[in-house]
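Trainee: Have a look; sequence and predicted model below, questions after that.
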Amino acid sequence: MKDLSLHILDIAENSIRAGASIVEILIVEDEKNDLLIVQIKDNGKGMDKELKYKAANPFFTTKSGKRIGLGLALLSQATKEAQGSFQITSGPGAGTTVKAAFKYSHPDCKPLGNITETLETLIAGNRDIDFIFEHRIGENITRFDTRE
């Protein structure tokens, strides 16, 4: 995936398949601390410890008819390439949070891409799901909530 908006789209679609009714997307651009954070949080069915461990493995997927699941594995790899970190927090019935942090100035830090198009695709294709989007650039905050 060439940019982070495609990773966001993929993970948000995973959230929807996991039964989420709310998907929260947070992007933080913190040049002062040389940090770019992308976080997707949902209220879906969540994952037990074993499934969470397997989730970032490219040879594992819960999608029927497929043998590989590259989305989380590729995002994890992208964070490593940009001296960042990758974390999945989840529990059965507790939803899932995927957090990817990148060194903002690193030459291998992927561009954000077309976030607007990603949001349009998610919202138009999933009218029964509530999406909350927040983008922080320094002190400036842009927020969008489909419930409003």
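Mentor: Right, received. Where do you want to start?
Trainee: what's the next secondary structure element after the helix or strand of the chain with the lowest mean pLDDT?
Mentor: Lowest by mean pLDDT, DSSP states H and E among the helices and strands of the chain is helix 49-55, with a mean of 75. Per DSSP states H and E, the first helix or strand lying C-terminal to helix 49-55 is helix 71-81.
Trainee: what helices or strands is that following helix leaning on?
Mentor: The helices and strands touching helix 71-81, judged by 3 or more C-beta pairs under 8 Å, 6 or more residues apart in numbering; DSSP states H and E, are helix 4-17, strand 85-90, strand 96-103. Bear in mind the C-beta positions are built from the backbone N, C-alpha and C, glycine included.
Trainee: how about low-confidence regions in the protein?
Mentor: For the chain, applying pLDDT under 70 flags the ranges 1, 56-70.
Trainee: swap the cut-off to 80 and go again
Mentor: For the chain, the stretches with pLDDT under 80 are 1, 51-70.
Trainee: Now do the same contact list for the nearest residue to residue 80 once chain neighbours are set aside.
Mentor: Once flanking residues are discounted, residue 80 sits nearest to residue 86: 7.4 Å by C-beta to C-beta, 6 or more residues apart in numbering. Contacts for residue 86 were tallied using C-beta atoms under 8 Å, 6 or more residues apart in numbering; they are 56, 75-76, 79-80, 98-101.
Trainee: can we see that at 10 Å?
Mentor: Residues counted as contacts of residue 86 (C-beta atoms under 10 Å, 6 or more residues apart in numbering) are 56, 72-73, 75-80, 98-102.
Trainee: Give me the ChimeraX select line for those residues, limited to the buried ones.
Mentor: In ChimeraX syntax, the buried subset of the contacts of residue 86 is picked out as below (16 or more other C-beta atoms under 10 Å):
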select :56,72,73,75,76,78,79,98,99,100,101,102
